[in-house]
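Asks: Sequence and predicted model, in that order:
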Amino acid sequence: MSTGLPILATWHGGIPEVVTDGKSGFLVAERDAPALSSAMKKLASNASIYAAMSAEAARAVAEGFEQKTR
């Protein structure tokens, strides 16, 4: 996410705390291959969604998770 890549992941563990479904990536149920395939196709076939999610992923990490050294 910090490099501006949208995320494709499952609703598992702490992932939903970092990835906002539909904003910084897509989250699908575990072991749901058709849902994962659909999310991949949607992301790969729509440049505007990819660009928006890329920007949101980088922004989310920079604002919520980046540790700066002093």
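Replies: Done, it's in. On a predicted model such as this, the values are computed, not experimentally measured, just so you know.
Asks: element containing the closest residue to residue 1 other than its chain neighbours, please.
Replies: Nearest residue to residue 1, sequence neighbours excluded (Cβ to Cβ, 6 or more residues apart in numbering): residue 57, at 4.0 Å. Using the backbone N, CA and C atoms, a C-beta is placed for each residue, glycine as well. Assigned by DSSP states H and E, residue 57 belongs to helix 47-64.
Asks: Could I get the full set of strands for this protein?
Replies: 7-10, 25-28 (DSSP state E).
Asks: Switch those over to CSV; also include mean neighbour count and mean pLDDT.
Replies: As requested, the strands of the chain are exported to CSV (neighbours: other Cβ atoms under 10 Å; pLDDT from 0 to 100):
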stretch, mean neighbour count, mean pLDDT
strand 7-10, 17, 97
strand 25-28, 21, 98
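Asks: Now distance to residue 43 too, for these, in TSV please.
Replies: Converted to TSV, the strands of the chain look like this (distance: least, Cβ to Cβ, whole Å):
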stretch	distance to residue 43
strand 7-10	7
strand 25-28	7
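Asks: Of all the ones you listed, which one is nearest residue 49?
Replies: Between residue 49 and those, the tightest spacing by Cβ to Cβ is seen for strand 25-28, at 9.4 Å.
Asks: Need the residues that contact the closest one.
Replies: With contacts defined as Cβ atoms under 8 Å, 6 or more residues apart in numbering, strand 25-28 is touched by 1, 6-11, 15-16, 19, 21, 35-36, 39, 42-43, 53, 57.
Asks: List the buried residues in the helix holding residue 57.
Replies: 53, 54, 56, 57, 58, 60, 61 (16 or more other Cβ atoms under 10 Å).
Asks: Kindly report the same for stretch 35-44.
Replies: Neighbour counts over stretch 35-44 (16+ other Cβ under 10 Å) mark 36, 39, 43 as buried.
Asks: pLDDT of that stretch, averaged?
Replies: For stretch 35-44, mean pLDDT is 97.
Asks: export it as PDB, just CAs?
Replies: Below are the C-alpha coordinates for stretch 35-44, written out as PDB (Å, rounded to 0.1, in the frame of the first residue of the first chain):
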ATOM      1  CA  ALA A  35     -15.100 -13.400  -5.600                       C
ATOM      2  CA  LEU A  36     -11.300 -13.000  -5.700                       C
ATOM      3  CA  SER A  37     -11.400 -13.500  -9.400                       C
ATOM      4  CA  SER A  38     -14.100 -10.900  -9.900                       C
ATOM      5  CA  ALA A  39     -12.300  -8.400  -7.800                       C
ATOM      6  CA  MET A  40      -9.100  -9.000  -9.800                       C
ATOM      7  CA  LYS A  41     -10.900  -8.500 -13.100                       C
ATOM      8  CA  LYS A  42     -12.700  -5.300 -11.900                       C
ATOM      9  CA  LEU A  43      -9.400  -3.800 -10.700                       C
ATOM     10  CA  ALA A  44      -7.500  -4.900 -13.900                       C
END
